[in-house]
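Chemist: No sequence on hand, only this structure:
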């Protein structure tokens, strides 16, 4: 599974941090960052965060 | 343009009445379910002209994310005239970024995002806790009964947002009164304009003071950042001040009633999300207009036609939430659109979550004997507002 984020689309709602705090964080500007892109993340949490993101800033692709 | 050949191009029925009343209990109007189960989108009329009411969860999310649909009230056909409440379309307020489209919207939103991150809001917990405790202290000191809206549900979020912004709490009556005028459906355009101008003048003076003597507050940090003009700062501050207290107050009040009548959920971590979905107090805030022809839920919407995505209808869509009229904190309600969706999704949503959570926990822990002083059916519901809630919430305790 590969998680990609687009900080330019991010609107800082924080839904991803609430949903999957081990995967996502907000940087100093409040925009989305992936904590560890290489980590074997739980697919369910990542997909839920992508589905809840109001601005479509998160994509999750199968390996 | 991706308008399908099979899209309906004519109104499926005669215009329906709008806005609709919630029928005696604080649930969405039953007509919403009828529309949702029918064509999904129905035609209505506002003083500004025809609008489409959008009722399905999927369609509401589509409306709120489609770049061909605008949140800018200056666009032809935008639903307005006394019915859009808090959206100050009639007075051009610089910095009123909820009424802007990308990319203009992004300049304001991005300036504010760092103030409302999950981490920043968690750092405010002690501030919120202290404000909640002080309000309860005052209630307990004053006797064994109170109007919980007046003494708790409204002052808590009002004091939290004024503390965050650096607005003196002594001026609470002033800005709460002006906000009430702005969010009342029955206010005239003149009344709204007067209230908005008074708020803008007040904030303009406050900004001047903070330019000379900065404090540890959001407005002072925005001044220091230097990215917004003084006029824009006034508009942004007004937006945050208004958005920061009235909606949360309604959520706190309704949630207390829900927990008093369903005490098994008191203390449960999951109530906040379900309360947000269940009551959907901001049913009527996300007005839009199509700027190009666009197809939503199989219906062709022409450029220049107004659109009202109904938040409560979406949050009670049984294709998104099983048995939606049941209050069930065990469901996963996270996909609700109580805070909207798309780029305008509520910036302060995590502050709202913290305030609701701390308010319920502390209130029921410190006043376990809290009870309603009148039957639920007699609680005065706000039917005259853009935001749904209670006018009063009489409670007693031992």
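Modeler: Yes, it's here. Predicted, not measured: the structure shown is a model, and the values here were computed from it.
Chemist: Which strands and helices lie in contact with the longest helix belonging to chain A?
Modeler: With secondary structure taken from DSSP state H, chain A has its longest helix at helix A:43-52. Packing partners of helix A:43-52 (3 or more Cβ pairs under 8 Å, 6 or more residues apart in numbering or on different chains; DSSP states H and E): helix A:15-19, strand A:58-61. (Glycine included, C-beta is placed from N, CA and C.)
Chemist: which bits of chain A sit near chain B?
Modeler: Contact residues, chain A versus chain B (Cβ under 8 Å from any Cβ of the partner chain): A:11-15, A:17-19, A:26, A:28-31, A:48, A:51-52, A:54-56.
Chemist: Separate out the buried members of those.
Modeler: The neighbour count (16 or more other Cβ atoms under 10 Å in any protein chain shown) marks A:11-15, A:17-19, A:26, A:30-31, A:48, A:52, A:54-55 as buried among the residues of chain A next to chain B.
Chemist: need the contact list for residue B:71.
Modeler: Residues near residue B:71 by Cβ atoms under 8 Å, 6 or more residues apart in numbering or on different chains: B:98-101, B:105, B:286-288, B:344.
Chemist: Which of the residues you listed fall within helices?
Modeler: Among the contacts of residue B:71, the members falling in helices (DSSP H) are residue B:105.
Chemist: Of all pairs in the buried ones among the residues of chain A next to chain B, which one is the farthest apart?
Modeler: Within these, A:30 and A:48 form the most distant pair, 20.7 Å apart (Cβ to Cβ).
Chemist: list the contacts for residue B:352?
Modeler: Contact partners of residue B:352, counting by Cβ under 8 Å, 6+ apart, are B:157, B:247-248, B:251, B:276, B:339, B:346.
Chemist: Give the buried subset of those residues as a PyMOL selection command.
Modeler: Buried subset of the contacts of residue B:352, written as a PyMOL selection, criterion 16+ other Cβ under 10 Å:
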select buried, chain B and resi 157+247+248+251+276+339+346
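Chemist: quick one: which of the contacts of residue B:352 is nearest residue B:127?
Modeler: Proximity of these to residue B:127 (Cβ to Cβ) peaks at residue B:157, which lies at 12.1 Å.
Chemist: Could you tell me the model confidence score at residue B:350?
Modeler: With respect to pLDDT, residue B:350 scores 97.
Chemist: List the contacts of it.
Modeler: Residue B:350 makes contact with A:14, A:18, B:116-118, B:121, according to Cβ under 8 Å, 6+ apart.
Chemist: which one among those residues gets closest to residue B:238?
Modeler: Looking at these and their distance to residue B:238, the nearest is residue B:116, at 16.6 Å (Cβ to Cβ).
Chemist: Show the low-confidence segments of the chain, by residue range.
Modeler: All of this is about chain A. Chain A contains residues with pLDDT under 70 at A:37-41.
Chemist: Oops, wrong one, chain B.
Modeler: Judged by pLDDT under 70, the stretches of chain B that qualify are B:1-14, B:23-26, B:81-91, B:185, B:384-385.
Chemist: Give me the neighbour count for the closest residue to residue B:138 other than its chain neighbours.
Modeler: Once flanking residues are discounted, residue B:138 sits nearest to residue B:151: 6.9 Å by Cβ to Cβ, 6 or more residues apart in numbering or on different chains. Around residue B:151 sit 18 other residues, with neighbours defined as other Cβ atoms under 10 Å in any protein chain shown.
Chemist: Help me confirm that residue B:151 is found in a helix?
Modeler: Yes. Residue B:151 sits within a helix when classified using DSSP: H, G, I helix; E, B strand; the rest coil.
Chemist: ok, residue 53 - contacts?
Modeler: Reading this off chain A. A:13, A:15-16, A:32.
Chemist: To clarify, I was referring to chain B.
Modeler: By Cβ under 8 Å, 6+ apart, the residues touching residue B:53 are B:16, B:18, B:35, B:41-44, B:308, B:310, B:313.
Chemist: And for residue B:163?
Modeler: Residues near residue B:163 by Cβ under 8 Å, 6+ apart: B:127, B:131, B:169, B:217.
Chemist: What does the residue of chain B found nearest chain A show for phi and psi?
Modeler: Using Cβ to the nearest Cβ, the single residue of chain B nearest to chain A is residue B:113, 3.3 Å away. Torsion angles at residue B:113 (phi, psi; degrees, to the nearest 10) stand at phi -50, psi -40.
Chemist: measure it to residue B:226 for me?
Modeler: Distance, residue B:113 to residue B:226, using Cβ to Cβ, to the nearest Å: 17 Å.
Chemist: Tell me which of those two has more neighbours.
Modeler: residue B:113 (21 against 7).
Chemist: From what I see, the more buried one and residue B:348 are in contact.
Modeler: No. Taking contacts as Cβ atoms under 8 Å, residue B:113 lies outside contact range of residue B:348: 11.0 Å.
Chemist: how about the strands in the stretch 51-200 of chain B?
Modeler: Secondary structure of the stretch 51-200 of chain B (DSSP state E, counting those that start in this stretch): strands at B:69-70, B:145-147.
Chemist: what's the closest of those to residue B:192?
Modeler: Nearest to residue B:192, of all the strands of the stretch 51-200 of chain B, is strand B:69-70, at 21.4 Å by Cβ to Cβ.
Chemist: Now, the contacts of residue B:352 that are in helices?
Modeler: B:157, B:247-248, B:251, B:276.
Chemist: Show me which residues of the stretch 101-250 of chain B are close to chain A?
Modeler: B:109-110, B:113-121.
Chemist: hang on, the earlier thing: who wins for neighbours among the contacts of residue B:71?
Modeler: That'd be residue B:288 among those, by other Cβ under 10 Å, with 28 neighbours.
Chemist: Quick one: residues contacting the closest residue to residue A:20 other than its chain neighbours.
Modeler: Leaving aside its sequence neighbours, residue A:20 sits nearest to residue A:45 (Cβ to Cβ, 6+ apart; 3.9 Å). Contact partners of residue A:45, counting by Cβ under 8 Å, 6+ apart, are A:19-20, A:22-23.
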